[in-house]
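Q: I'll drop the sequence and a predicted model, then ask my questions.
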Amino acid sequence: MSSPTPSWYHEQHDYSGSSIGFRVRARLHAEQTPFQSIEIYDTTDWGRLMVIDGCMMVTTRDNFLYHEMMSHPALFTHPRAKRVAIIGGGDCGTLREVLKHEEVESVVQVEIDERVTRLAEQYFPELCEANGDPRAQLLFTDGIRWMAECAAESLDVVIVDSTDPIGPAEGLFNEAFYRSCWRALRHGGILVQQSESPLAHLPLLKNIRKAMKAAGFHALRTLTFPQPCYPTGWWSATLARKGADLADFRERGAAAKPFPTRYYNAETHRAALALPEFLREALAD
């Protein structure tokens, strides 16, 4: 049942002295799970909005930017990714994008809070279209522990589709977790970490890359892309590779992809690899 709300929902981002807001008609749902608070809003122009612990997670209108850039660059860089793990990703949008790749034989999605997925199924059903794919396995458990117990050299791609590094996701941004990922990946395997805003969270981005290197990853690339519902509207994903470089991707394959996307193509992939000058200097090894 809808409840009255103010005409705007704002996320205040004290760290950067900024905020992002959307005009809303109503709050459709609110609950406190054992892990976090979850709210769903109906906006006037951006479709549904999911908020976790006061932070905007996904809107109907702009989620494709994030989900496509968290999945396709890695999968078009790997020569043939058969086994994929998604840590987090409870809204299932990244899972949907990964399963567009025919070469993928299995995807395990490890989300600690089952309520995120159940609410996504109710309010964002388009993101959950692939949940019934026989290649998909949805686990609701601690992703840090699952990765630590994962068989060595059993995965081709690991995608860390997490919330900000607070609360349940805090342990997904450190050297110990990245060592678990390094161990689980086969030679040439790729780790993808959502790495926050290059403008608002540059120290965190640098720490992520430092921890990845300490864990054994030596080939790193940070890709940037727009994301209107996140702080500053500009976001990033950092790719790290085990035992191989990240200089090239399967550009012809990306250009001839047999499935639809709304943002990702070979040109946007290539453009995302080009860093602006301040970021190139800041991330220089």
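A: All right, it came through fine. Numbers count the residues shown, from 1 in each chain.

Q: all contacts plus neighbour counts: C-alpha atoms, from now on.
A: OK.

Q: Next one: P168, what pLDDT does it get?
A: Listed pLDDT for P168 reads 61.

Q: How about V108?
A: In this prediction, V108 has a pLDDT value of 98.

Q: Count the residues that sit near the spatially closest residue to L127 that is not a sequence neighbour.
A: Distances taken as Cα to Cα, 6 or more residues apart in numbering place G93 nearest to L127, at 4.6 Å, with adjacent residues excluded. A count of nearby residues for G93, using other Cα atoms under 10 Å, gives 27.

Q: what does M57 give?
A: 18.

Q: Which stretches in the stretch 151-285 of the chain count as strands?
A: Along the stretch 151-285 of the chain, counting by DSSP state E, counting those that start in this stretch, strands occupy 155-161, 185-194, 219-226, 234-241.

Q: Single out the most deeply packed of those strands.
A: Sort the strands of the stretch 151-285 of the chain by mean neighbour count, taking mean count of other Cα atoms under 10 Å, and strand 155-161 sits at the top with a mean of 27.

Q: any idea of the mean pLDDT in it?
A: Here the average pLDDT along strand 155-161 is 97.

Q: That one pairs with which strands, and in what direction?
A: Sheet pairing of strand 155-161 (DSSP bridges) gives strand 83-88 (parallel), strand 185-194 (parallel).

Q: Need these in a markdown table (columns: distance to T77 and mean pLDDT).
A: Formatted as a markdown table, these follow (distance: least, Cα to Cα, whole Å; pLDDT from 0 to 100):
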| stretch | distance to T77 | mean pLDDT |
| --- | --- | --- |
| strand 83-88 | 14 | 98 |
| strand 185-194 | 9 | 97 |
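
Q: Hmm, E68 is touching E97, no?
A: Yes: E68 lies in contact with E97 (Cα atoms under 8 Å); the separation is 6.3 Å.

Q: May I have the residues that are in contact with the residue nearest in space to the middle of the chain?
A: In the chain, the centroid-proximal residue (Cα atoms, centre = their mean) is D161; its distance is 3.2 Å. Applying Cα atoms under 8 Å, 6 or more residues apart in numbering, we find D161 in contact with M70, I86, I87, G88, G89, T94, Q193, Q194.

Q: Now with 6 Å, please.
A: Residues in contact with D161 (Cα atoms under 6 Å, 6 or more residues apart in numbering) are I87, G88, G89.

Q: so what's the backbone phi/psi at the last one?
A: I take that to be G89. phi 70, psi 30 (degrees, to the nearest 10).

Q: how far away is it from E281?
A: Counting by Cα to Cα, to the nearest Å, the gap between G89 and E281 amounts to 31 Å.

Q: quick one on the thing from earlier: format the strands of the stretch 151-285 of the chain as a markdown table; extra columns: distance to G253.
A: Below are these laid out as a markdown table (distance: least, Cα to Cα, whole Å):
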| stretch | distance to G253 |
| --- | --- |
| strand 155-161 | 18 |
| strand 185-194 | 18 |
| strand 219-226 | 19 |
| strand 234-241 | 19 |
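
Q: Okay, helices next: where are they in the stretch 101-250 of the chain?
A: For the stretch 101-250 of the chain, applying DSSP state H, counting those that start in this stretch gives helices covering 114-123, 143-149, 175-184, 202-214.

Q: Name the stretch among those helices that sits most buried.
A: helix 175-184 (a mean of 22).

Q: and the angle for that helix with strand 234-241?
A: Counting by axes from the mean of the first three to the mean of the last three Cα atoms, to 10 degrees, helix 175-184 lies at 50 degrees to strand 234-241.

Q: picking that back up, who does the residue nearest to the centre of the chain form a beta bridge with?
A: Applying DSSP bridges, one finds that D161 bridges with G88.

Q: Against R252, how distant is it?
A: 27 Å.

Q: on that earlier part again, which of the strands of the stretch 151-285 of the chain sits closest to E103?
A: Nearest to E103 among the strands of the stretch 151-285 of the chain is strand 155-161; the distance by Cα to Cα comes to 11.4 Å.

Q: Now do the strand ranked longest in the chain, average pLDDT.
A: Longest strand in the chain, counting residues (DSSP state E): strand 18-32. The average pLDDT within strand 18-32 is 96.

Q: Next: stretch 197-207.
A: Per-residue scores along stretch 197-207 average to 94.

Q: Show me what it is in contact with.
A: With Cα under 6 Å, 6+ apart, stretch 197-207 has contacts from S16, S195, W234, W235.
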